[in-house]
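sequence and predicted model, in that order:
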Amino acid sequence: MSYQQLAREIISGVGGSDNIISVVHCATRLRFKLKDLNRADSEQLKAHPGVIMVVSSGGQFQVVIGNHVHDVYQAICQQHGPGDQTASAADEEKQGNLFNRLIDIISAIFTPFLGVMAGSGILKGLLALCIVCGWLTTGSGTWQLWYAASDALFYFFPLVLGYTAGKKFGGSPFLTMAIGGALTHPLMIQAFEASSQPDAAIISFMGMPITFLNYSSSVIPIIFAAWVSCWLEKQCGKVLPAAIKNFFTPLICLMVTVPLTFLLIGPAATWLSQLLAYGYQGIYVFAPWLAGLVIGGIWQVCVMFGLHWGLVPLMMNNLAVLGHDSLVPLIVPAVMGQVGASLGVMLRTRDPQLKMLAGSGATAGVFGITEPAVYGVTLPNRRPFIFGCLGGALGGCVAGFSGASTYSFGLASIFSLAQFIPSSGIDASVWDAALGALLALLIGCILTLIAGLPISAGQKAAVAVPSAQSVKDASAPASKDSATADGSAAISSSSTIANAAQAAAWTADRAVQPDEMLLAPISGKVVALEQVADATFASGLLGAGAAIVPQDNYVLAPFHGKVASLFSTRHAIGLLSHSGVEVLIHVGIDTVKLNGQHFTAYVKPGDVIKPGDLLLKFDRQAIQNAGFDLTTPVIISNSDDYAGIVSLACDETIHSGAPFLGVQHHTKESV
């Protein structure tokens, strides 16, 4: 699928271009701010093969794409317009409570340069490793050039944060960037160095003494200064004549905000920065193992809901105030725990599609990108995610004991170990932090190998058979023939009995029997689910089952039960059996785009059904002529509740009403 097509379908899924206030992206996900969250169709986006997961958190509607998110973002910007459009005051009020708005502000300010920041941090760590190993010296031109490249972003943080904060607060980003430049101007740095001397003269602004501080690499002062500047800019825009406001508004903002920052905002924000840094350090020193246990265990949960953005400024503030940060070493085990769990799934499963997803997820996780592993592999299978978090908690506990710190910011990944090296060289804290990461990986992997996947998830292709009781249920005759509105017969009670006889004959030759059997809802060729040309179905994320390539135009009821749901486009229907089996029948791939054309429904949600009842009719030839694949997945949505879900007729032509899927219940021993 092209990025342009995926972008169009994502824009449609979030409620259309007119529903988008702004969109930015981080390492793997698009972060939308929407005017009305209710207009977004989360289920449609989750079912899209190009989307890993959809999360609504912190006032943002987040669409997880994967490593190619930047290409999709560019395609969206081409179709929708610039991604960083400014929200109106009314739209801002809709963003939810104060906490959600705070998370939204933090993520919007730091997300745009997260990749550059991670790359700069990794380069700093590699340079430290080169110095320790004797490969470079600090006096060499090679080291100096690379160090300047790695340190430039952090040294001039106020400029970068001034730009992104200005955009977020709805002001001129170049104006707020200029304020950040004033904080790091050579004259101000010289004044700070001079003020540190014992006999330094007091410098004042209009009679008020100036407190000079080193604002290079600082985080909090420029954010507050940008907010003040944007507020002042809006007030000037209201009162100044249009003919002069384009010139006088920046003039007033610079003349007021820069002195105010040096006199009041900067010292107050610096005091707050130091309070946060030393407060965190005090808690960490009190019980570092407990901090590691908690952070390592819940970090991935925080990432899922976007809450981790609340800790990102704290990490950067620690680096600016203390010169090091002890939080990142606690996060690395959380990442490696999910890598281990994904690796365990890859080694255990026999499903080739799941094996491929797990392998790619583990590879991305090593580099600090855990969303493919979490949303595509561990979280859908539940237990691997829990085991990954457990490994992260125990590994974080070890990292906390080590007292390791990072000396440059970057994504928590295998490269972070180089960033843990202090100026004195590799010491025990670095090795202990590496041990914590390795322990998390091994715990996640081993526990997943032992108990991470039920047999049904690991061996979906195993052979099973229907039971005599299910045959009895399937053979119950219909009270009358079900007929279509145009007079064509669906399936008669006599044919249902004939199919039940086939099931009984089929069962007689088998020694092991499942507890329930589902009849085929469509006549056609049966194909394995992993062969379906739709990654969402083929991966098994929606449940186990099989697919049928139809040879007629009818969808019939596969059991006694009721209609649980019916899509408005009539291309898919959800059923619930009397025993609790949930089934989704999805006619064709991407047929939702037909908007109901060529489909007719003969039931509605809540209707009671019996085997052979006509549910849907579709025009097979017309759908094929429209260019759609008619392969129809039949999914047991709650397959995790059962010990086994198996296809009884793979690679065979089957008639509607014949044995199709077997369901094996958990035994008391397995429970």
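Arrived safely, thanks for sending. Everything numeric in this text was worked out from a predicted model, so none of it was measured.

quote the end-to-end distance of stretch 562-580.
10 Å (Cα to Cα, to the nearest Å).

what about the residue nearest to L183 when sequence neighbours are not counted, is that helix, strand or coil?
What sits nearest to L183 in space, not counting adjacent residues and going by Cβ to Cβ, 6 or more residues apart in numbering, is Y215, at 3.8 Å. From N, CA and C alone the C-beta is placed, and that goes for glycine too. With DSSP: H, G, I helix; E, B strand; the rest coil as the basis, Y215 sits in coil.

isn't Y215 up against P158?
Yes - under the criterion of Cβ atoms under 8 Å, Y215 makes contact with P158 at 5.7 Å.

can you list residues touching both of the two?
L183, T184, P221, I222 (Cβ atoms under 8 Å, 6 or more residues apart in numbering).

and the last one, how far is that from W271?
If I follow you right, that is I222. Counting by Cβ to Cβ, to the nearest Å, the gap from I222 to W271 is 15 Å.

list the contacts of the helix or strand hosting W227.
In the assignment (DSSP states H and E), W227 maps to helix 220-239. Outside helix 220-239, the residues that touch it by Cβ under 8 Å, 6+ apart are 109, 157-158, 161-162, 165-166, 169-172, 175-176, 179-180, 183, 215, 245, 248-250, 252-253, 256-257, 260-261, 265-266, 268-270, 272-273, 313, 317.

kindly report the domain assignment for the chain.
Taking automatic domain parsing as the criterion, the chain consists of the domains 3-96, 156-286, 288-305+319-453, 459-664.

give me the mean pLDDT for the first one.
Right, domain 3-96. For domain 3-96, mean pLDDT is 76.

so what's the gap between stretch 593-600 and the chain middle?
Put simply, stretch 593-600 sits 31 Å off its chain's centre (Cα atoms, centre = their mean, to the nearest Å).

Provide the contact partners of it at residue level.
485, 568-571, 587, 591, 616-619, 622-623, 626, 628.

if you set the cut-off to 6 Å instead, what comes out?
T569, R570, H571, K617, F618, D619, A622, I623 (Cβ atoms under 6 Å, 6 or more residues apart in numbering).

can you check stretch 205-217 too?
So stretch 205-217 is contacted by 154-155, 157-158, 183-184, 191-192, 195, 202-203, 221, 259, 262-263, 266-267, 270, 320 (Cβ under 6 Å, 6+ apart).

run the last query once more with 8 Å
Residues from elsewhere that reach stretch 205-217 (Cβ under 8 Å, 6+ apart): 154-158, 183-184, 188-189, 191-192, 194-195, 202-204, 221-222, 259, 262-263, 266-267, 270, 319-320.

so which bits of that stretch are buried?
I210, F212, L213, Y215, S216, S217 (16 or more other Cβ atoms under 10 Å).

CA atoms only for it, dumped as CSV, please.
Extracted as CSV, the C-alpha positions of stretch 205-217 are listed here (Å, rounded to 0.1, in the frame of the first residue of the first chain):
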residue,chain,number,x,y,z
PHE,A,205,18.5,46.7,34.3
MET,A,206,16.8,50.0,34.9
GLY,A,207,18.0,49.9,38.5
MET,A,208,17.0,46.3,39.1
PRO,A,209,19.9,43.9,39.7
ILE,A,210,20.2,41.1,37.2
THR,A,211,20.9,37.5,38.3
PHE,A,212,23.0,35.9,35.6
LEU,A,213,22.7,32.2,35.2
ASN,A,214,24.0,29.7,32.6
TYR,A,215,20.9,28.9,30.5
SER,A,216,22.7,26.7,27.9
SER,A,217,21.1,23.2,28.0
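
can you give me how far that stretch is from the chain middle?
43 Å.

again, but for stretch 371-388
Offset of stretch 371-388 from its chain centre (Cα atoms, centre = their mean): 11 Å.

kindly report the same for stretch 240-251.
Remark: stretch 240-251 is offset 43 Å from the chain centroid, using Cα atoms, centre = their mean.

stretch 3-12 too?
Taking Cα atoms, centre = their mean, the mean C-alpha location of stretch 3-12 is offset from the chain mean by 18 Å.

what do you get for stretch 176-186?
Distance, centroid of stretch 176-186 to centroid of chain: 35 Å (Cα atoms, centre = their mean).

flag every buried residue along that stretch.
By 16+ other Cβ under 10 Å, the buried positions in stretch 176-186 come out as T176, M177, A178, I179, G180, G181, A182, L183, T184.

hmm, which two among those residues are most spread apart?
Taking Cβ to Cβ, the two most distant members of the buried residues of stretch 176-186 are T176 and T184; they sit 13.5 Å apart.
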